[in-house]
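Engineer: From the sequence below, what's the structure:
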Amino acid sequence: MKFHSARTKIDRTKKHIAEVESIVRTLPDHSVATIEINPNGGNEVLKHDLLDRNEIITNIALALGDAIHNLHCALDHAWASVLTELSPASINGQTKFPIRSVRNQVEAALRGIKIDGTAPTLFNLVLGQIKPYLGGNESIWSIHILDIDDKHRLLLPVIEYASIHGIEVEDQRGKVTSGSTWGSSEKPPYYVHIPLGYHFKEKGTVAFSVLFDEGPKFQFADLRDMLWVFIIQVVNTVQALENIVPIELGRRATS
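Structural biologist: Residues are numbered from 1 along each chain as shown. From the prediction side, this is the model:
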């Protein structure tokens, strides 16, 4: 049960991801389609606009920030749990999971609290497998940086990547053709032009992809995919920390 709080934080993150997914599913409901006439050519132009865009982005950003924060907390809780079992004297008011920008700094942090001596298997696990630094475990590093950023600004995704499906156009002979548009990274509204004399029979619906506008590793990654990658890495880390406890205790018993 020592690692229960870390897993509770991970479970809370899954609820935030479900919140993001719910918002994404309802995005087409906020899209309004109209048919306009091109004043320069007289042809019909299909226009899809996204209502309440700023509010939608804000709600996604808030859920994203909460998800990132809980994942970071899960790492901190797991670290406190493993130290409680293997090196309780190392715990102080500043105890946090040792994430640094380079490997040498992680190693220095571990040596600073004597982990190399009190729990060498944990020391080797962090440096050799978990690698919580830039260029090591990019997911853990990104969680760390994004959690810091979220304290100062909203983590804003981009939702402008969209395509329109189910459009039907009737030509001058009455033939109806169905089709879709290529994906676009333009901001809404989205426009579809057809030749003069053609008419829209069905306006279609917009399919949105919510991407994350941060880099470099996860820039323009699908937001939901990115969060699930983060969860997998945090779950693996928590499990590795939990598994190292009996290994280290067994080493002590035989040394």
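Engineer: Let me know the pLDDT of the residue nearest the centre of the chain.
Structural biologist: Centrality entry for the chain: nearest residue to the mean C-alpha point is residue 227, 3.3 Å, by CA atoms, centre = their mean. With respect to pLDDT, residue 227 scores 95.
Engineer: can you check the one 4 residues further on too?
Structural biologist: With respect to pLDDT, residue 231 scores 97.
Engineer: Quick check: it vs residue 74, distance?
Structural biologist: 9 Å (CB to CB, to the nearest Å). Every C-beta, even on glycine, is put in place using the N, C-alpha and C of the backbone.
Engineer: same deal with residue 157?
Structural biologist: 22 Å.
Engineer: Mind checking which of those two has more residues around it?
Structural biologist: residue 74 (27 against 24; other CB atoms under 10 Å).
Engineer: in what helix or strand does that one lie?
Structural biologist: Element membership of residue 74, judged by DSSP states H and E, is helix 53-86.
Engineer: Quick check: what element follows that helix along the chain?
Structural biologist: helix 103-112.
Engineer: and that next one, how far out from the chain's middle?
Structural biologist: Offset of helix 103-112 from its chain centre (CA atoms, centre = their mean, to the nearest Å): 28 Å.
Engineer: start the count at 250, not 1, going forward
Structural biologist: Happy to do that; since the first residue is 250 now, the last one works out to helix 352-361.
Engineer: tell me the mean pLDDT over it?
Structural biologist: The model assigns helix 352-361 a mean pLDDT of 97.
Engineer: Stretch 451-468 now?
Structural biologist: In the prediction, stretch 451-468 has an average pLDDT of 83.
Engineer: Quick check: buried residues in it?
Structural biologist: Buried residues in stretch 451-468, counted by 16 or more other CB atoms under 10 Å: 452, 453, 454, 455, 456, 457, 458, 459, 460, 461, 463, 467.
Engineer: One more: stretch 360-375?
Structural biologist: Across stretch 360-375, burial judged by 16+ other CB under 10 Å covers 362, 364, 367, 368, 370, 371, 372, 374, 375.
Engineer: How about the contacts made by the second one?
Structural biologist: In other words, residue 364. Under the criterion of CB atoms under 8 Å, 6 or more residues apart in numbering, the contact list for residue 364 reads 336, 339, 371, 372, 375.
Engineer: would you list the residues you listed in TSV and tack on distance to residue 303 and pLDDT?
Structural biologist: As requested, the contacts of residue 364 are exported to TSV (distance: CB to CB, whole Å; pLDDT from 0 to 100):
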residue	distance to residue 303	pLDDT
336	48	95
339	46	93
371	46	97
372	48	98
375	42	98
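Engineer: Quick check, pLDDT for the residue located most distally from the centre of the chain.
Structural biologist: Distance to the chain centre peaks in the chain at residue 422, reaching 48.7 Å (criterion: CA atoms, centre = their mean). pLDDT, residue 422: 95.
Engineer: Please report how far it lies from residue 281.
Structural biologist: In terms of CB to CB, residue 422 sits 30 Å off from residue 281.
Engineer: And residue 302, by the same measure?
Structural biologist: Distance from residue 302 to residue 281, by CB to CB: 12 Å.
Engineer: got it, and residue 348?
Structural biologist: Taken as CB to CB, the span from residue 348 to residue 281 is 44 Å.
Engineer: same check, this time on residue 309
Structural biologist: 20 Å.
Engineer: All the strands of the stretch 350-499 of the chain, residue numbers only.
Structural biologist: For the stretch 350-499 of the chain, strands defined by DSSP state E, counting those that start in this stretch occupy the ranges 406-419, 425-428, 439-442, 448-461, 470-471.
Engineer: would you turn the ones you listed into JSON lines with distance to residue 317?
Structural biologist: Compiled in JSON lines, these are given as follows (distance: least, CB to CB, whole Å):
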{"stretch": "strand 406-419", "distance to residue 317": "12"}
{"stretch": "strand 425-428", "distance to residue 317": "39"}
{"stretch": "strand 439-442", "distance to residue 317": "30"}
{"stretch": "strand 448-461", "distance to residue 317": "11"}
{"stretch": "strand 470-471", "distance to residue 317": "14"}
